[in-house]
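>>> everything below, folded, please.
(chains A and B)
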Amino acid sequence: MVRVKINGHEHVLQTEPLARLLDVLRETLGFTGTKEGCGEGECGACSVIIDGELVNSCLIPICQVDGCEILTVEGLAVDGELSLLQQCFVEYGATQCGICIPGMLMAAKALLDSNSCPTRNEIRAAIAGNLCRCTGYMKIVDAIEAAVAAKLEVK
Amino acid sequence: MSVGTSVTRRDAQSKVTGQALYVDDYRLPNMWYGATVRSTVPHARIKNIHYSPNFDWSQVVICDYRDIPGRNLVALIYDDQPLLAESIVRHVGEPIVLVAAPSKELARKATRYVTIEYEELPAVLTIEESLARKQKLFGEDNIFKSYTITRGNVDEALASADIVVEGTYRVGHQEQLYIEPNGMIATVQADGTLLVQGSLQCPYYVHRALKELFELEDDKVVVIQNTTGGGFGGKEEFPSVVAGHAALLARKAGRPVKLVYDRSEDFIASTKRHPAIIRHRTGLTRDGRLIAAEIDLTFDGGAYCTLSPVVLSRGVIHALGPYNCPNVRISGRVVATNTPPNGAFRGFGVPQAAFAAEMQMERIAQVAGFSPVELRRKNMLREGDTTVTGQILNYSVGTAQVLDAAIEHSDYLNKLQIYRNQTGSKRRGIGLSLYYHGSGFTGSGEEKIKGRAAVEFDKEARIRILTGSTEIGQGTRTIFPQIVAEELGIDLAQIDFEESNTAKVPDSGPTVASRTCMVVGSVVQKAAAALKAELIRRIALSCSLPEEGVSYKRGIFYHQDQPLMTLTEAAARFCQHSPIRTEARYSSPPGIKWDDASYTGDAYPVYAYAADVVEVEVDMDTYEVKLISVLTVSDVGKAINPRLAEGQIEGGTVQALGYGLYEEVFWKDGHMLNTRLTNYIIPTALDIPDLETILIENPYPYGPFGAKGIGELPMDGGAPAAVAAIANATGAFITQLPATPERILEALCQSKHLSDSL
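Next up is the predicted model:
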């Protein structure tokens, strides 16, 4: 039995201990926003945040997250209101086909949670484990930078 | 104003919240999962298929070619590719047996209990072996298709040229690497209708293939595109295979079957960019005018024809680059090998041809001592000039604008001088490319297809766009509403977009060939104009006015200058019972002529032009190449949505830089060796610097509001510009892609060897 908190809600799971977190999220719990691009931790499409750490959910057996808090893309918007990062991704044209975007958003969030004022290079390094084949990364970096600027302004 | 503004994408909200549903996100009731048994040898006769008694076969469903009710083929150009191999396999990864099971794991497990017994045949694995006819694979000569373009007298011109420069260039495979692998779900409905949904670019290609395989009428096959996680051509023709397999299993299993590839299977099974060997022999006058060009191209088509003839045709037409030359002979052929079939991939034959053409310009500049800029400026096509196919370029030729802007913004000339003869352990270099890409289908292609699109106007005055053109990330669902909003002078919020479903939308032709915005966009615009005309007709009739007296502007109909009614009122009056639908078809712009037999005439309605300047830093100990800056200047005609246009160009440029510097497929005995993302390397955010993208608008009179096609253009110029920059930095002249550290070292050793022996 595995107990996890996903996007703020408790789940108690009876599941094969070595099942991949990715499959449990997608198949068992229906959090299909988390995507599978390669299944071996290279593309980052399945990125989620576990206890504040950015992790590829395709590499994590479910037994390892017992007692953990997990954030997926579905947990970013609150009451239908997009998070600042999501708003910037929309506004700056960061999405094209969109399959990498949930993972990109999680990588960006993990960065901003630990570094309130990253440089463009730090942004690039933070999303270097998330492959995008459509955008050339430019507008994704722009969007994250804009979110950083907007956050600093609020402060 | 709607056109020309960077409105946000319509699908952005669903994509940033994770709500957009891709094929693998669907789970239908009672659905099973499919898996594929593939050939493990490149060429063999199948002697026996053995199903191990150690597996309980009663829990799964198995299909082979005998389960196909219609013809066993993937309908495309030559109809030579079977959906499932019968007695012969022609490449590693060729599908032979399909399995469906209640779980993905069980289906995959079952495939491991199927053993194929082969009698191996000699395999042809390279272009050279195919040309030498080591084994007959296709026809008498292994050539799927060949083309020759002739202009003037190239032999005489070469003999009289002051300077003759030769060069041979090679490119290998490139994987599309959409982040979402191929996948389909098939369902047979109670009335026998076959419903297939999935990741695809061209619903009507899949529709046609399924009709032939299952001998079904038009309305008994329905194809729906789900949100698609990248296409790039890789989901042009290949999804017909996946759809056929899923459908076969669903029919036999009597329940929905999902067939989604994992990354390795996608690498092994799906089409890639054609490898090519391209030879140039160029004659020039002393002052640097091109007077003769003899170009020979051989493409590797792989085991089946797929779209190879069309890929070759585009490569041949673009082989010289955007330059004038009165005497030309271009010969191209695409050959059969026992490697997986190659197919459509953004650029479609041009990235290969453009790499060779632009490296040849660099070589000429180097050998004859010309400035790379002056050489291009002296020879580039301008308005009124004639292309290799005899097409006179009457409008929208942006070569001078893109080249001038690229040179100026990058400080190219100055840096080119400064970077020569460096001695440090890190050396910088700058490289230039000038290129073009024909928008829309080649030759008579658009005329044959005659793409259709429609709009529907309902009683709430909402307008619905109906088109077979799909959204694959490039922005179809955002820019078509912008075009309609502009045409009708109404708010974007009034416009809806019908789902990509063959039961609901007309066939607009495939979503390929840089044709969606320019060609289908103009048909959508025509359909909107036809709606305007139809409403004017009805209003005139109901108000007993002459049609000529009724006009329309920004949501209001007028009689002379007096407002008659609004669009909303017209909707309430005319659409109470049913919406008004107006449809339009493509028609060629006036004066377009093309002759398939002689391969002369207007190859494309128009070309888009671009110039790239790439700056690199090469580590002289490791030969690693770091990108310092990348500038792309593109003549797009008109940017319907500038931010989306930039996004297309930035993404395409990065794919091109991957092609130029990193991406390589390794083979052994017909097997792809690097079938994982750990060893097939594409650019990451850290590899790519900030991209500078400049749009130049040189309107094309027959595109929607002046727009030209730009989807493929940015794929053509990045590789030669990056490789030219490496030459500027190090002196290493690379002729084979990708320009890896190993190839730089090799080129340096060769040039050192040469200078030592002089």
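
>>> from residue A:57, how far off is the residue of chain A at minimum distance from chain B?
Ranked by Cβ to the nearest Cβ, the top residue of chain A for proximity to chain B is residue A:33, at 2.0 Å. (Each C-beta comes from the backbone N, C-alpha and C, glycine too.) Using Cβ to Cβ, to the nearest Å, residue A:33 is found at 11 Å from residue A:57.

>>> ok, back up a step: look at the residue of chain A closest to chain B and report its pLDDT.
pLDDT for residue A:33: 98.

>>> now do residue A:151
So, for residue A:151, pLDDT stands at 88.

>>> and what of residue B:483?
Residue B:483 is given a pLDDT of 98.

>>> residue B:150 contacts residue B:329, doesn't it?
Yes: if you go by Cβ atoms under 8 Å, residue B:150 and residue B:329 touch, sitting 5.3 Å apart.

>>> quick one: contacts for residue B:389?
B:149, B:317, B:599-603 (Cβ atoms under 8 Å, 6 or more residues apart in numbering or on different chains).

>>> filter those down to the ones in strands?
Members of those lying in strands (criterion: DSSP state E): B:149, B:600-601.

>>> sort out which one of those lies nearest chain A for me.
For the ones in strands among the contacts of residue B:389, the nearest to chain A is residue B:149 (33.2 Å; Cβ to the nearest Cβ).

>>> sorry, back to before: looking only at neighbour counts, state which of residue B:150 and residue B:329 leads.
residue B:329 (21 against 15; other Cβ atoms under 10 Å in any protein chain shown).

>>> pairing partners for the helix or strand hosting that one, with directions?
Secondary structure from DSSP states H and E places residue B:329 in strand B:328-336. With DSSP bridges as the test, strand B:328-336 is paired with strand B:143-151 (antiparallel), strand B:290-302 (parallel).

>>> single out the most deeply packed of the ones you listed.
strand B:290-302 (a mean of 25; mean count of other Cβ atoms under 10 Å in any protein chain shown).

>>> can you report phi and psi for residue 70?
Going with chain A. Backbone geometry at residue A:70, expressed as degrees, to the nearest 10, gives phi -120, psi 140.

>>> contacts only, for the nearest residue to it once chain neighbours are set aside.
Leaving out its chain neighbours, the residue that sits closest to residue A:70 by Cβ to Cβ, 6 or more residues apart in numbering or on different chains is residue A:6, at 4.8 Å. Contacts for residue A:6 were tallied using Cβ under 8 Å, 6+ apart; they are A:25, A:29, A:31, A:69-72, A:75.

>>> just the closest of the residues you listed to residue A:121, please.
residue A:71 (25.2 Å; Cβ to Cβ).

>>> surely that closest one meets residue A:105?
No: counting by Cβ under 8 Å, residue A:71 sits too far from residue A:105 to count as a contact (10.2 Å).

>>> re the thing from before, and the pLDDT at the residue nearest to residue A:70?
pLDDT, read off for residue A:6, is 98.

>>> try residue B:758
On pLDDT, residue B:758 comes in at 50.

>>> related to what we said a few turns ago, compare residue A:71 and residue A:105 and say which one has the larger neighbour count.
Ranked by neighbour count (other Cβ under 10 Å), residue A:71 and residue A:105 place residue A:105 first, with 31 against 21.

>>> so that one is in which element?
With DSSP H and E as the test, residue A:105 turns up in helix A:101-114.

>>> again, but for residue B:247
Going by DSSP H and E, residue B:247 is part of helix B:239-253.

>>> contacts only, for residue B:747.
Per Cβ under 8 Å, 6+ apart, neighbours of residue B:747: B:732-735.

>>> show me what contacts the residue nearest to it when sequence neighbours are not counted?
Using Cβ to Cβ, 6+ apart and skipping the chain neighbours, the partner closest in space to residue B:747 is residue B:732 (3.8 Å). Residues in contact with residue B:732 (Cβ under 8 Å, 6+ apart) are B:726, B:744, B:747-748, B:751.
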